[in-house]
Structures are given as structure tokens and as C-alpha cells.
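>>> Fold the following.
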Amino acid sequence: MARDAERRPTACYTVGDVPIAIREIAARSVLSKSGIPGIDYCVNPYTGCAHACRYCYATFMKRFTGHSEGWGTFVDVKVNAPQLLARQLRRARPGTIMLSSVTDPYQPVEARYKVTRSCLEALAPYPVEVHMLTKSPLVLRDVDVLKKLRSVSVGITITTDDDRVRRLFEPQAPPIARRLRALKELRQQGIPTYAFVGPLLPMNPEVLARALLPYADSVLIDRMNYVSKTRALYHSHGLEQWLDDGIY
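Model (predicted):
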């Protein structure tokens, strides 16, 4: 767990102009039972996420990890996750596994550490169904490993068609155009795909639907579940009309 980590960062890098503190930690468990309908287990190779999405529900993790830094400014790298996952899989019942539920498995630090890639390699020998969800085109690097899995689907989170809106709500995440290209290339590589449009951000829905239609096998949609995190952002940028009256 991240609370066992040394508080002093082992490295630092920047996403945009934001410094990100990196800590290498040893996790005690990485294959966790899931409360998500249809998902048996979750694997989170990292604690924290450099995408710094303003609406992110996973900020609750700070209550358990001892982090005082702002969300989006730290990432703990579970350097032993692949080896730990391989051991846990030998004892686990087969089921559906999601990467990831409280982090992005392909946030920028993955380019260096390759923890997600090594976890996928650990999963390859097992008869499990793997669901991946990311905002990052870095997932394309691992198409060769994804093709080794018995059953896999890759979702790309695309919450708006407007990159100006993306910069407000997802300031350090990849641009929308790059995510759409990733969805397209995954589909061309024969990887089952889906788009996760959640939370619904201000957009032109017809434009986004046309962009997704050729490349997503399915589309999942979710509302803004934690409006308290973003209400001031809607007000300050004149976007109040996009708030649902029932949760305003």
C-alpha cells in the first residue's frame, strides 16, 4: 500500500508545467476484489494519477495513502506489482479483471516504468477476461501483449469533443484528437474497443457520436456524479447550462 511508502520522492517529472512527485513502493496486494458490476477484480499498478482530472472520484484514495499533496501532483509506482500479480493469480478463481479502477494504467510514468505492460504479460497465461480503461494513446505500445490475452477489450475515455473543455476539466490528460486516433488504431489492430463518455462534459453530442461511431464497438455513458468538485468551474466559465437541475 502507498501508506508504506517513504514520503520522500524517488524521482520527479513534469506534465505540462506541473511537477509530479514519483515514489517507488512495494505493494502488499495488487489483485483486489471489485465492487463494480460485471468485474470480479481490479488491478491498479499506480496510486495517484498525473492526469489531474478536476472531477476525479479517486481522490478519496488520499485518505488511505497518507498523501497530503494535491491530486494530480503525485504518483506512487508499485514496482513489485507484476510479480505480486503473478503470485496472486495462481490462487485466484478465474474472472473478469479491470485495469484500472482508481488510476490510469497508461499515465505518463508508465512510459518509463512499464508496470502495466508487465502486469499484462503476467495475465497472458490465464483464462481471464481483461477490461482496460485509459485516456492515453500509450496503450498502443502494448498491442502486441494485448493480442496474447485470451479475452480483452480496451476502452478510451473521451468525455467531450471540444479540447478547450478538456483543458478545463482534464488539464494534464492527452488531447481528444490523440484519444480518437488511439481508438481508431486499436480497432484497426483487431482489438475490441469501447468508448467511455463519462462524465458527460459540455460538448456537441452529434459531433462526438460521429467521431466514435466508426471505431467503438460500444459506448458507455455516465453523468457528472460529483458536481461539488466542479460546480465552481462551470460557473466561472459560463457553463451552468450543462449542469443537471436534479443535481445542481
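>>> In contact with the closest residue to residue 176 other than its chain neighbours, which residues?
Closest residue in space to residue 176, ignoring its immediate chain neighbours: residue 163 at 5.0 Å, by CB to CB, 6 or more residues apart in numbering. Bear in mind the C-beta positions are built from the backbone N, C-alpha and C, glycine included. Counting by CB atoms under 8 Å, 6 or more residues apart in numbering, residue 163 touches 175-177.
>>> Need the per-residue pLDDT for residue 163.
Residue-level confidence at residue 163 comes out at 97, pLDDT.
>>> cool, residue 3 as well?
Turning to residue 3, the model gives it a pLDDT of 42.
>>> who wins for most neighbours among the contacts of residue 163?
Tallying neighbours with other CB atoms under 10 Å puts residue 176 at the head of those, with 23 neighbours.
>>> Please enumerate the helices of this protein.
In order along the chain, the chain carries the following helices (DSSP state H): 62-65, 81-91, 110-113, 115-123, 143-146, 163-169, 176-188, 205-212, 231-236.
>>> among these, which is the most enclosed?
Across the helices of the chain, the average number of neighbours (mean count of other CB atoms under 10 Å) peaks for helix 115-123, which reaches a mean of 23.
>>> Which elements pack onto that one?
Secondary structure elements in contact with helix 115-123, counted by 3 or more CB pairs under 8 Å, 6 or more residues apart in numbering; DSSP states H and E, are helix 81-91, strand 96-99, helix 143-146.
>>> make it 10 Å
In this structure, helix 115-123 makes packing contacts with strand 31-33, strand 41-43, strand 74-78, helix 81-91, strand 96-99, helix 110-113, strand 129-134, helix 143-146, judged by 3 or more CB pairs under 10 Å, 6 or more residues apart in numbering; DSSP states H and E.
>>> gap between the residue nearest the centre of the chain and residue 58?
Nearest to the mean C-alpha position of the chain, counting by CA atoms, centre = their mean, stands residue 104 at 2.7 Å. Distance, residue 104 to residue 58, using CB to CB, to the nearest Å: 9 Å.
>>> count of residues packed around the nearest residue to residue 187 once chain neighbours are set aside?
Nearest in space to residue 187, with sequence neighbours left out and distances taken as CB to CB, 6+ apart, is residue 215 at 4.6 Å. Under the neighbour criterion other CB under 10 Å, residue 215 is assigned a count of 19.
>>> okay, residue 215: pLDDT?
In the predicted model, residue 215 carries a pLDDT score of 97.
>>> Repeat that for residue 68.
Reported pLDDT at residue 68 in the predicted model: 77.
>>> same deal with residue 233?
At residue 233 the predicted local distance difference test score is 94.
>>> For it, list the residues it contacts.
When contacts are counted by CB atoms under 10 Å, 6 or more residues apart in numbering, residue 233 touches 54-55, 168-169, 239.
>>> now the residues you listed in CSV, with pLDDT and distance to residue 209?
Shown next, in CSV, are the contacts of residue 233 (pLDDT from 0 to 100; distance: CB to CB, whole Å):
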residue, pLDDT, distance to residue 209
54, 94, 24
55, 94, 21
168, 96, 22
169, 97, 20
239, 94, 20
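>>> Closest one of those to residue 45?
Using CB to CB, residue 55 comes nearest to residue 45 of the contacts of residue 233, at 22.1 Å.
>>> measure that closest one to residue 199 for me?
Here the criterion is CB to CB. By it, residue 55 lies 6 Å from residue 199.
>>> Residue 150 now?
In this structure, residue 150 and residue 199 are separated by 32 Å, where distance is defined by CB to CB.
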